[in-house]
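> Just need the structure, nothing else, for what follows:
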Amino acid sequence: MDIMYKSTRSDSEKVTASEAILKGLAEDGGLFVPDSIPALSVPLSKLSEMDYQETAYEVMKLFFSDFTEDELKACIRGAYDSKFDTDEIVPVVEKDGVYYLELFHGKTIAFKDMALSILPFLMTTAAKKNGVKNEIVILTATSGDTGKAALAGFADVEGTSIVVFYPKDGVSPIQKRQMVTQKGANTHVIGITGNFDDAQTGVKNMFHSKELADRMAQKGYQFSSANSINIGRLVPQIVYYVYAYGRLLKQGAVAEGETVQVVVPTGNFGNILAAYYAKNMGLPIETLFCASNENKVLFDFFQTGKYDRKREFILTSSPSMDILISSNLERLIYRIAGEDADKTRALMDALSESGEYGITDEMREKLDCFRGGFASEEQTFETIRRVHDATGYVLDPHTAVAASVYYGQAAATGKKTLIASTASPYKFTRSVMEAMDKKYSGMDDFALVDELNRLSGVKIPEAIEEIRTAPVLHNQVCETEEMQAAVEQIFGL
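Predicted structure coming up:
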């Protein structure tokens with residue numbers, strides 16, 4: 001059965017997967033969702049025999065049903081190859097009785113590589129399928145990781161350009177250096193004086209502007225998105241949860257059909273939503289623990305049923321989670337609202353206009369598989385020390401937030417637990433090393449890299465080595481209200 005896509009905010013005409021990937025965001029401002037969530041078409045027992053590429057095809061063919069087998073397999077081959085530093089693509093590593101799903105073995109050493117390695121292939125294939133002649137302009141806001149992963153994926157890809165906005169004071173030194181040294185004639189990186197929510201709002205406003213779209217079209221351009229609002233980002237993230245269950249089966253860690261729980265460090269809600277979709281496809285996931293840092297808007301939502309972004313924005317050691325507007329939550333809201341587009345739109349309008357909304361008791365009952373948890377900065381640093389002292393394994397701050405929630409809540413259930421390990425500790429060396437010992441606080445960032453290598457015994461990733469001496473190629477900074485003007489200047493509008 002062909003899966004079609006519809007907006008969370010209207011019952012307008014449905015589009016194909018390739019059309020949804022190209023558009024990124026629905027014209028009414030809603031997010032594209034599948035008209036049904038397909039069931040896994042392979043038995044669980046077979047998952048243990050499949051490699052990552054085979055698993056990716058079995059999952060993606062169900063959602064991207066207008067792609068031919070040859071088209072989809074070519075996208076998968078192009079994405080999941082030697083750019084990953086392990087043949088497994090995403091190893092599942094057991095430490096201290098918990099299983100870490102290592103999602104950071106790609107080109108930019110963060111989980112965003114898992115989807116952004118394939119998105120350029122999906123996007124260019126979709127453009128050919130739909131007879132698109134315009135150059136596709138990828139317009140993206142980043143809290144640190146999406147930006148570099150998208151830049152690396154789209155750099156010098158024919159028929160595309162990419163513009164990334166990031167909060168200039170809201171990313172780690174390594175994250176920033178990865179972006180501002182990015183090569184590629186079609187790449188543009190701009191810091192803003194606000195936070196990630198400001199960047200994300202500015203990007204959404206440009207997507208919503210018909211006047212801007214018309215002027216872009218006159219010049220031969222059209223916008224699309226590499227943020228997790230794009231269904232071409234979300235579906236590839238489902239794959240690694242399915243693959244992980246196959247690894248647990250192969251390792252003998254679980255019996256076929258045995259339920260597990262997952263703990264996911266969460267900011268924009270895409271990663272944990274992918275796990276929820278995997279559960280709805282039939283993967284035996286019992287509970288999803290949504291782990292937040294001190295910007296605990298999602299924790300409060302799961303506790304109270306009220307989403308309230310009207311609070312202090314806190315810069316933490318886990319910047320990819322420093323988010324107060326979790327865009328992908330809209331897809332979950334749509335589902336628990338009984339796929340009622342009017343109700344979803346009203347809630348999103350309330351969030352935009354008043355900064356908050358509340359869901360009904362009936363909707364809350366449909367969240368019974370979710371648990372909210374959060375970790376303070378002190379708890380995050382303590383968990384980095386605790387896990388390293390016990391096992392020699394080094395966590396990045398985002399994964400440490402999830403591990404803290406595991407030890408504080410999830411461990412008590414006794415169930416096998418999978419923690420989404422979303423970034424290499426090398427991406428956040430300063431925070432990691434200062435968590436280990438305050439004596440590291442005065443050291444240079446790259447001296448800290450070498451010290452982490454000595455401490456962990458883990459090889460320094462190529463992604464870090466290549467930026468040690470790379471020249472800065474992008475130094476533009478603008479105010480939030482100047483974002484559109486910056487885009488207009490780039491494309492000569």
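> what's the average pLDDT for the helix or strand containing residue 55?
Secondary structure from DSSP states H and E places residue 55 in helix 52-63. Average pLDDT, helix 52-63: 98.
> do the same with stretch 177-187
Across stretch 177-187, pLDDT averages out at 95.
> Grab the nearest non-local neighbour of residue 36.
residue 3 (6.7 Å; C-beta to C-beta, 6 or more residues apart in numbering). Yep, even glycine has a C-beta here, placed from its N, CA and C like the rest.
> who touches residue 311 in this structure?
Residues in contact with residue 311 (C-beta atoms under 8 Å, 6 or more residues apart in numbering) are 295, 297, 324.
> I meant residue 415, not that one.
Going by C-beta under 8 Å, 6+ apart, residue 415 touches 259-261, 286-287.
> So it versus residue 286, what's the distance?
7 Å (C-beta to C-beta, to the nearest Å).
> and if you look at residue 316?
Distance, residue 316 to residue 286, by C-beta to C-beta: 29 Å.
> how long is stretch 18-32 from one end to the other?
11 Å (C-alpha to C-alpha, to the nearest Å).
> Distance check, the nearest residue to residue 436 once chain neighbours are set aside against residue 106.
In this structure, residue 436 finds its nearest non-sequential neighbour in residue 385, 6.2 Å apart by C-beta to C-beta, 6+ apart. Here the criterion is C-beta to C-beta. By it, residue 385 lies 27 Å from residue 106.
> So the residue of the chain most remote from its centre: helix, strand or coil?
Distance from the centre of the chain peaks at residue 439, with 32.9 Å (C-alpha atoms, centre = their mean). In terms of secondary structure, residue 439 is helix; the call rests on DSSP: H, G, I helix; E, B strand; the rest coil.
> Can you give me the pLDDT of it?
Reported pLDDT for residue 439: 91.
> For stretch 167-181, measure first residue to last.
From its first residue to its last, stretch 167-181 covers 16 Å (C-alpha to C-alpha).
> what sits up against it?
By C-beta under 8 Å, 6+ apart, stretch 167-181 touches 108, 142-145, 147-148, 151, 164, 166, 189, 191-196, 198-199, 315, 319, 322, 426-431, 445, 463-464, 467, 470-475, 477.
> ok, back up a step: roughly how far does the residue nearest to residue 36 sit from residue 332?
For residue 3, the distance to residue 332 equals 18 Å [C-beta to C-beta].
> cool, and residue 262?
15 Å.
> now swap in residue 257 and tell me
Relative to residue 332, and taking C-beta to C-beta, residue 257 is found at 25 Å.
> Which of the two has more residues huddled nearby?
Regarding residue 257 and residue 332, a neighbour count based on other C-beta atoms under 10 Å identifies residue 332 as having more, with 21 against 9.
> tell me what the helix or strand containing the more buried one is packed against?
Secondary structure assignment for residue 332, by DSSP H and E: helix 329-336. Applying 3 or more C-beta pairs under 8 Å, 6 or more residues apart in numbering; DSSP states H and E, one finds that helix 329-336 makes contact with strand 32-34, helix 270-280, helix 341-354.
> who's in contact with that helix?
The set of residues external to helix 329-336 that reach it, using C-beta under 8 Å, 6+ apart, is 8, 30-31, 33, 234, 269, 273, 276, 298, 301, 307, 340-341, 344, 347-348, 359, 363, 366-367.
> which among the residues you listed end up buried?
8, 30-31, 33, 234, 269, 273, 276, 298, 301, 307, 340-341, 344, 347-348, 359, 363, 367 (16 or more other C-beta atoms under 10 Å).
> hmm, back to that, neighbour-wise, which of residue 316 and residue 286 wins?
residue 316 (20 against 14).
> Counting neighbours, what do you get for the closest residue to the more buried one other than its chain neighbours?
Leaving out its chain neighbours, the residue that sits closest to residue 316 by C-beta to C-beta, 6+ apart is residue 293, at 4.8 Å. Other residues near residue 293 come to 29 when the count uses other C-beta under 10 Å.
> Please apply the same query to residue 309.
Neighbours of residue 309 under the rule other C-beta under 10 Å: 18.
> That one: what's it in contact with?
Going by C-beta under 8 Å, 6+ apart, residue 309 touches 197, 297, 324-325, 351, 355-356.
> Redo those residues as JSON lines? Include neighbour count.
Putting these into JSON lines (neighbours: other C-beta atoms under 10 Å) gives the following:
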{"residue": "197", "neighbour count": "22"}
{"residue": "297", "neighbour count": "22"}
{"residue": "324", "neighbour count": "22"}
{"residue": "325", "neighbour count": "20"}
{"residue": "351", "neighbour count": "18"}
{"residue": "355", "neighbour count": "14"}
{"residue": "356", "neighbour count": "14"}
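> least confident pick among those?
Within those, lowest confidence goes to residue 197 (88).
> Is that residue in contact with residue 327, as I believe?
No. Residue 197 is beyond contact range of residue 327, at 9.9 Å (criterion: C-beta atoms under 8 Å).
> got the phi/psi numbers for the residue nearest to residue 296 when sequence neighbours are not counted?
Nearest non-adjacent residue to residue 296, counting by C-beta to C-beta, 6+ apart: residue 374, 4.2 Å away. Backbone torsions for residue 374, taken as degrees, to the nearest 10, come to phi -150, psi 160.
> Just list whatever residues bridge to residue 374.
Beta-bridge partners for residue 374, by DSSP bridges, are residue 292.
> Contacts only, for it.
With C-beta under 8 Å, 6+ apart, residue 374 has these contacts: 291-294, 296, 299, 401, 405.
> where along the stretch 351-493 of the chain do the helices fall?
361-365, 377-391, 397-408, 429-436, 445-456, 462-465, 483-490 (DSSP state H, counting those that start in this stretch).
> Let me have those helices in JSON lines, adding mean pLDDT and distance to residue 61 as columns.
Formatted as JSON lines, the helices of the stretch 351-493 of the chain follow (pLDDT from 0 to 100; distance: least, C-beta to C-beta, whole Å):
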{"stretch": "helix 361-365", "mean pLDDT": "97", "distance to residue 61": "32"}
{"stretch": "helix 377-391", "mean pLDDT": "97", "distance to residue 61": "37"}
{"stretch": "helix 397-408", "mean pLDDT": "98", "distance to residue 61": "30"}
{"stretch": "helix 429-436", "mean pLDDT": "94", "distance to residue 61": "39"}
{"stretch": "helix 445-456", "mean pLDDT": "93", "distance to residue 61": "38"}
{"stretch": "helix 462-465", "mean pLDDT": "93", "distance to residue 61": "31"}
{"stretch": "helix 483-490", "mean pLDDT": "96", "distance to residue 61": "35"}
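> From those, pick the one with the highest average neighbour count.
Ranked by average neighbour count under the criterion mean count of other C-beta atoms under 10 Å, those are headed by helix 397-408 at a mean of 28.
> List of residues touching that helix?
With C-beta under 8 Å, 6+ apart as the contact definition, helix 397-408 has outside contacts at 98, 100, 263-265, 289, 291-293, 316-318, 320-321, 373-375, 379-384, 386-387, 395, 417, 419-423, 428, 431-432, 435.
> What distance do you get for residue 31 to residue 370?
19 Å.
> Since that was my last question, I'll sign off now.
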